[in-house]
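Q: Please work out how this folds:
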Amino acid sequence: MIDQYLEKNASQAQAAEVLEKLGYLPLSAEECVVERSGKYNVLLKDILHKKLAEFNIFEYGGTKYRFSAANIERAITELDVNLADGLIKTSEKIYDMLLSGRDLPETIAGGRKLSFNLQFIDWTDFSNNVFHYTLEYDVSNEAGDGGARPDIVTFVNGIPLGVIECKASIMTEDYGVVQHIRNQNSDSGNKFYIPQLFKFSQILLATNKNAAKYGTTGTGKKYWNIWKEENLEWHESELLRCVVERMPTEQDRAITSMFSTERFLRLMRYFVLYDGSVKKIARYQQYFAVEEIIKAVSVKDTTSNRQSGVIWHTQGSGKSLTMVMLAKYLLEQITGCRVVVVTDRTELDRQIEQTFSHTKLKPARATSGKNLIELIKGGKADVITAIINKFNTVESSGMKVEGRDIFVLVDESHRTNYGSLAAKMRIVFPNACYIGFTGTPLLKSEKNTMSKFGKLIHKYTISDGVSDKAIVPLIYEGRFVEQQVDETNIDLWFNQITKRLTEKQREDLKQKWAQLKRLSSTDARIRRIALDINNHFLEGYKRL
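A: Numbers count the residues shown, from 1 in each chain. Below is the predicted model of the structure:
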């Protein structure tokens, strides 16, 4: 037990060491108590007040102003939303405020009262934010008769946005996952319940020295994921800077990947979303796919058109959510851009529109070719979803949208990007950036999917998904169903039905029917194969 305790503390100490090298300032338990005015409160209010006063400057009539102390206190009070609507809904309200800020009235010179936007995090210049961490953050429950002490809590401008549970390797990282979930669980009698901390949190990490898993507020146990770093050059540089005189551990790798200050804020801003009543954070392949797309589309050709390309992510990797995250990123970063999502099936179109509708983006589903024209002209929807055949009407109308900041996301692009309808789509959007998404492995004969779009931007294969335990392996078992042929009766039947044919015609027909593939297509053989499949399933199911 002593060894386990020491190992757990070694994990915590090493995590703190890495966080400091990443730019997080340490806070003692005593300093946190002073900042919080009680163990139930989790915001570090003095730090938050100071930072909001520092970087929130607004301008009017050529004069720069700062927000009043009263308005800063009001913003802090409004940020600390009560939990009346439950943990996830409250978390969503806070997340929206963290991204959008608050519009507050200020009296300026001449006595005029106008509203100006106050931000809690400086999203323009990350260096204006301050990062802290503390160990054993003691948080009491609402009744004051219990609570919990997460191993490490990280803060941005005094707001607790990251929570880390460090465990001994003998306990596995899953023990930390269970603790995270327990501390968010409102089951009666759970004295560890501290939702006032998790309503702010964006990235949760459960780790020991040898393994790590991450999630966000409300993530169920089976949805906690591992992070695999793909920006290896940057990552190795960070590890060399943060880990000195010892070999880097998996814990070190996870913390440098996800808690590096700029990476942390990018993950929070673009890769956290609310899908209905579920809060989600990107899996690593979604994050790196979007990052690679952003790099690709920033490259322009000689006509100033953006570079297009293909995202090849296997089934079950979350392509629809990757599209949502990409659209969110594009719409926030490129002023006036348009996003159009194209599929070739009604059910896919409906599914993608519903996925977008659960987010803060404003999607519109084209119900007809005429409606698609209206949506394109209207410019009111953030995202337009449409089936590719709708472009038949649009192209026939002679309509063209020649902007270069139009992003057409083509789902199941190995099917959708061929034929006259695809050509018509490209006539309607001649200068658009086309990003193809496919979950189907591209065979040699299908490699021109890449040439149609430009290049392969990012891939996540079946073997990657199996390795991450995100999908189960596909196992093929070859089977042969024997078929007995009654040659005598077949010959009698054949002679009867061909007696009016010439000898040459009879011989030609006989050769064709003698082929195995002809025999294999008979109704009797099809029934025999179906019966074999049924029996094999029942026997295999019973064995399980």
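Q: OK, contacts around Ser308?
A: Ala296, Val297, Cys433, Tyr434, Ile435, Gly436, Phe453, Gly454 (Cβ atoms under 8 Å, 6 or more residues apart in numbering). Heads up, the C-betas are built off the backbone N, CA and C, glycines and all.
Q: mind listing which of the residues you listed are in helices?
A: Counted as lying in helices by DSSP state H, out of the contacts of Ser308, are Ala296, Val297, Phe453.
Q: quick one: which of the contacts of Ser308 is most hemmed in?
A: The most crowded member of those, judged by other Cβ atoms under 10 Å, is Ile435 (28 neighbours).
Q: Name the single longest strand found in this structure.
A: Looking across the chain with DSSP state E, the single longest strand is strand 159-166.
Q: Could you pull out the buried residues of the following helix or strand past that one?
A: Sequence-wise, the next helix or strand downstream of strand 159-166 (DSSP states H and E) is helix 173-184. Neighbour counts over helix 173-184 (16 or more other Cβ atoms under 10 Å) mark Glu173, Gly176, Val177, Gln179, His180, Ile181, Asn183, Gln184 as buried.
Q: where's the closest residue to Ile72 other than its chain neighbours relative to Ile108, distance?
A: Using Cβ to Cβ, 6 or more residues apart in numbering and skipping residues adjacent in sequence, the residue nearest Ile72 is Leu52, 5.0 Å away. Distance from Leu52 to Ile108, counting by Cβ to Cβ, to the nearest Å: 18 Å.
Q: Those two: which is more packed in?
A: Taking neighbours as other Cβ under 10 Å, Leu52 and Ile108 compare with Leu52 leading, 26 against 14.
Q: who touches the strand or helix carrying the more buried one?
A: Leu52 belongs to helix 45-55 when assigned by DSSP H and E. Residues from elsewhere that reach helix 45-55, judged by Cβ under 8 Å, 6+ apart: 34-37, 66-67, 69, 72-73, 75-76, 118-120, 122, 125, 128-130, 132, 155, 157-159.
Q: can you give me the mean pLDDT across stretch 34-49?
A: What stretch 34-49 shows for mean pLDDT is 93.
Q: correction: stretch 55-73
A: Regarding stretch 55-73, the rounded mean pLDDT is 93.
Q: Domains in the protein, by residue range?
A: Under automatic domain parsing, the residue ranges defining each domain of the chain are 2-42+129-273, 282-467, 487-543.
Q: looking at those domains, which is closest to Ser100?
A: domain 282-467 (9.3 Å; Cβ to Cβ).
Q: where along the stretch 151-300 of the chain do the strands fall?
A: Using DSSP state E, counting those that start in this stretch, the strands found in the stretch 151-300 of the chain span residues 152-156, 159-166, 203-208, 211-215, 272-275, 278-281.
Q: buried residues in the last one?
A: Looking back up the chat, that one is strand 278-281. Residues Lys279, Lys280, Ile281 are the ones in strand 278-281 that count as buried (16+ other Cβ under 10 Å).
Q: where does this protein have its least confident helix or strand?
A: Least confident helix or strand, the chain: helix 516-520 with a mean of 52, by mean pLDDT, DSSP states H and E.
Q: now Tyr434, which residues is it bridged with?
A: Under the criterion DSSP bridges, Tyr434 forms beta bridges with Val408.
Q: Am I right that it is in contact with Ile457?
A: No - counting by Cβ atoms under 8 Å, Tyr434 stays clear of Ile457, with 11.4 Å between them.
Q: who touches Ile293 in this structure?
A: Ile293 makes contact with Gly309, Ile311, Leu326, Ile435, Ile457, His458, according to Cβ under 8 Å, 6+ apart.
Q: Just among the residues you listed, which is most surrounded?
A: That'd be Ile311 among the contacts of Ile293, by other Cβ under 10 Å, with 30 neighbours.
Q: for it, helix, strand, or coil?
A: strand (DSSP: H, G, I helix; E, B strand; the rest coil).
Q: Tell me which stretches of the stretch 401-544 of the chain form strands.
A: 406-411, 433-438, 456-460.
Q: Contacts for the first one, please.
A: The list of residues contacting strand 406-411 from outside it, by Cβ under 8 Å, 6+ apart, reads 297, 319-320, 323, 326-327, 330, 337-344, 348, 352, 416-417, 425, 429, 431-437, 453.
Q: Repeat the analysis, applying 7 Å as the threshold.
A: Outside strand 406-411, the residues that touch it by Cβ atoms under 7 Å, 6 or more residues apart in numbering are 323, 330, 337-343, 348, 352, 416-417, 429, 432-437.
Q: Any idea how far that strand is from the middle of the chain?
A: Relative to its chain's centre, strand 406-411 lies at 17 Å (Cα atoms, centre = their mean, to the nearest Å).
Q: The shortest one too?
A: The gap between the average C-alpha position of strand 456-460 and the chain average comes to 15 Å, counting by Cα atoms, centre = their mean.
Q: Strand partners (parallel or antiparallel) of it?
A: Sheet pairing for strand 456-460, assigned by DSSP bridges, gives strand 309-313 (parallel).
Q: if you average pLDDT over the following helix or strand past the partner strand, what comes out?
A: Next helix or strand after strand 309-313 toward the C-terminus (DSSP H and E): helix 319-333. Per-residue pLDDT values over helix 319-333 give a mean of 90.
Q: Kindly provide the distance from Leu326 to Ile72.
A: From Leu326 to Ile72 the distance is 35 Å (Cβ to Cβ).
Q: my bad, should have said Gln179
A: 35 Å.
Q: Also Ile294?
A: From Ile294 to Ile72 the distance is 34 Å (Cβ to Cβ).
Q: The strands of the stretch 151-300 of the chain: lowest mean pLDDT?
A: For the strands of the stretch 151-300 of the chain, where the average pLDDT is lowest is strand 272-275, sitting at a mean of 91.
Q: Can you give the distance of that strand from its chain's centre?
A: Centroid separation for strand 272-275 versus its chain: 8 Å, with Cα atoms, centre = their mean.
Q: try stretch 234-247
A: 27 Å.
Q: Likewise for stretch 431-444?
A: A distance of 19 Å separates the centroid of the chain from that of stretch 431-444, by Cα atoms, centre = their mean.
Q: Stretch 226-243 too?
A: Relative to its chain's centre, stretch 226-243 lies at 21 Å (Cα atoms, centre = their mean).
Q: Please save the CA atoms from it in PDB.
A: What follows is stretch 226-243, C-alpha atoms only, in PDB (Å, rounded to 0.1, in the frame of the first residue of the first chain):
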ATOM      1  CA  ILE A 226      -6.400   7.400 -26.100                       C
ATOM      2  CA  TRP A 227      -4.500  10.200 -27.900                       C
ATOM      3  CA  LYS A 228      -2.000   9.300 -30.600                       C
ATOM      4  CA  GLU A 229       0.200  12.300 -31.500                       C
ATOM      5  CA  GLU A 230       0.600  12.800 -35.300                       C
ATOM      6  CA  ASN A 231       2.600  16.000 -35.200                       C
ATOM      7  CA  LEU A 232       5.700  14.100 -34.200                       C
ATOM      8  CA  GLU A 233       8.300  16.700 -34.800                       C
ATOM      9  CA  TRP A 234       6.500  19.300 -32.600                       C
ATOM     10  CA  HIS A 235       5.800  16.600 -30.000                       C
ATOM     11  CA  GLU A 236       9.300  15.400 -29.700                       C
ATOM     12  CA  SER A 237      10.500  19.000 -29.300                       C
ATOM     13  CA  GLU A 238       8.000  19.600 -26.500                       C
ATOM     14  CA  LEU A 239       9.000  16.400 -24.700                       C
ATOM     15  CA  LEU A 240      12.700  17.300 -24.900                       C
ATOM     16  CA  ARG A 241      11.900  20.700 -23.400                       C
ATOM     17  CA  CYS A 242       9.600  19.300 -20.700                       C
ATOM     18  CA  VAL A 243      11.100  16.000 -19.600                       C
END
